[in-house]
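Predicted coordinates and the sequence they were generated for:
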Amino acid sequence: MSLTSTHFWASSVLAVALAASVTACGGGGGSVSSASPTTPSSTPTSTTGGTISATMTITATGMSPASVRIQLGERVRVVNEDSRSHNIVSDPHPSHGDCPPMNNIGLLARGATGISKEFMDVKACGFHDHDDATNATLRGTILVGGADAPTGPGYIR
């Protein structure tokens with residue numbers, strides 16, 4: 001093999017390796033996806049987004065405070081200071097579809113913190129512990145914008 005063909009061969013191998021590494025990394029440019037996982041997480045999926053303007057804490061006696069008011073585009077933090085895990089999801093039980101930003105919190109182990117997604121609708125958003133859905137002390141309400149407090153329980157029977 002001549003020096004020229006060896007140089008060509010080495011350059012070709014290097015080009016193929018470089019192309020493969022760029023492809024494996026997702027190519028150039030583009031943006032990073034902030035899509036949520038399909039399973040609940042005890043940590044936020046993104047550190048960007050609306051301001052976290054309220055914190056609710058789960059203790060052995062329940063949710064404190066049980067209701068907070070936030071503005072459009074803001075988020076809520078839930079801290080689990082109870083001795084057991086809690087699975088925080090939107091009302092109504094069991095469909096969890098009324099207030100999707102709360103479903104981002106999901107399962108919180110003891111000591112864990114979860115952060116909702118941004119609330120983009122003026123409404124009262126109820127939530128509960130899915131694993132203890134009838135426990136009134138583990139229910140809460142997020143009043144978004146000028147929303148009024150909800151009436152009645154958030155359950156499908």
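Nice, thanks for sending it over.

Could you list the low-pLDDT ranges of the protein?
Residues of the chain meeting the criterion pLDDT under 70: 1-48, 147, 149-157.

how does it look with 80?
1-50, 92-95, 97, 146-157 (pLDDT under 80).

Excluding chain neighbours, give the residue nearest to residue 84 in space.
The shortest distance from residue 84 to any non-neighbouring residue, by CB to CB, 6 or more residues apart in numbering, is to residue 110 (6.3 Å). Every residue, glycine included, has its C-beta placed from N, CA and C.

check contacts around the one you found.
Residue 110 makes contact with 80, 82-85 under the criterion CB atoms under 8 Å, 6 or more residues apart in numbering.

Looking at these, which is nearest residue 119?
Nearest to residue 119 among those: residue 80, at 20.6 Å, using CB to CB.

Can you pull the phi and psi angles for the closest one?
Backbone torsions for residue 80, taken as degrees, to the nearest 10, come to phi -100, psi 100.
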